[in-house]
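> okay, sequence plus prediction incoming.
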Amino acid sequence: MRSYTLTEDVEIMEKLGVGPYQLFLLKTLFEAEADRVPIYKSTRKMKELGLLDLDALADLITKGIIEDFNKLSITGTPEFFMDYVELTPKAMKALNISSFKAMELMRAYPRLLEINGKSFSLVNVGETELSNTYARSLEITDYTHEQVMELVKWAKENNCLNVGLKKFSETHYWLTIEEMKKSGKGNVGSVTVEML
């Protein structure tokens, strides 16, 4: 099961308007997308222990966060109703928050940088690795993803992105961009291949 930071949990609950137990159900369904067998065992055990709150699940259906393809009711074995409910795209996006942010950053980031007539790739990291480093870096710097995306937009317009995406995330390069933006300075000058 993938791990979430407390910050991400709170963000998901805010975005979707759910409580901690409903978040747990959503995470369970999210994991079920990849591997249903452990989820079947978990939901069966939860039901045996009286921990499976079907009203909370029904509320998620009412809110449009999960879709019920059974349409009859949430009854039967855990396997039965687990096979008939799915997360909506809105919920998938919220639960895959780190990956979504990394993917959005990767798409916005310039792909190439030209140095002395040669092109070099600036997207030098995979989405999974970026997802991990970027989430940690956001927490460390106390910046939001939206703030970073605005700084990336400004930096692209002012030719200030001259480091690889991996280094951008690991070194919190958005802090440098913010300093450039505040000081009114654009491009920082010459770049070497080693900087990438």
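Arrived safely.

> wait, Leu95 touches Thr28, no?
No - judged on Cβ atoms under 8 Å, Leu95 makes no contact with Thr28 at a distance of 10.5 Å. To be clear about C-beta, it is placed using only N, CA and C from the backbone, and glycine gets the same treatment.

> can you list the domains in this protein?
6-95, 98-195 (automatic domain parsing).

> now the weakest link among those, please, by mean pLDDT.
Of all the domains of the chain, the minimum mean pLDDT falls on domain 6-95 (a mean of 76).

> quick one: end-to-end distance for that one.
In domain 6-95, first residue to last residue: 13 Å (Cα to Cα, to the nearest Å).

> again with stretch 100-118
With Cα to Cα as the measure, stretch 100-118 spans 31 Å from end to end.

> list of residues touching it?
Stretch 100-118 has contacts (Cβ atoms under 8 Å, 6 or more residues apart in numbering) with 93, 119-123, 127, 130-131, 134-135, 138, 145, 148-149, 152-153, 156, 161-162, 165, 168-169, 191-193, 196.

> still on that earlier bit, so Leu95 and Thr28 - more neighbours on which side?
Of the pair Leu95 and Thr28, Leu95 is the one with more neighbours under other Cβ atoms under 10 Å, namely 25 against 18.

> ok, now how distant is the more buried one from Leu165?
Distance of Leu95 to Leu165, computed by Cβ to Cβ, to the nearest Å: 24 Å.

> what do you get for Gly184?
The gap separating Gly184 from Leu165 is 25 Å, by Cβ to Cβ.

> which of those two has more neighbours?
Leu165 (24 against 7).

> which residues does the more buried one contact?
Leu165 is in contact with Leu105, Met106, Tyr109, Leu122, Val123, Asn124, Val125, Leu130, counting by Cβ under 8 Å, 6+ apart.

> wait, a helix at the first one?
Meaning Leu105. Yes - with DSSP: H, G, I helix; E, B strand; the rest coil as the criterion, Leu105 is assigned to a helix.

> what is the neighbour count of it?
21.

> same check, this time on the last one
Applying other Cβ under 10 Å, we find 26 residues neighbouring Leu130.

> in what helix or strand does it lie?
Counting by DSSP states H and E, the element that carries Leu130 is helix 127-141.

> which other residues reach that helix?
With contact meaning Cβ under 8 Å, 6+ apart, helix 127-141 is reached by 5, 7-8, 98-99, 101-103, 105-106, 125, 144-145, 148, 165-166, 169-170, 172, 174-175.
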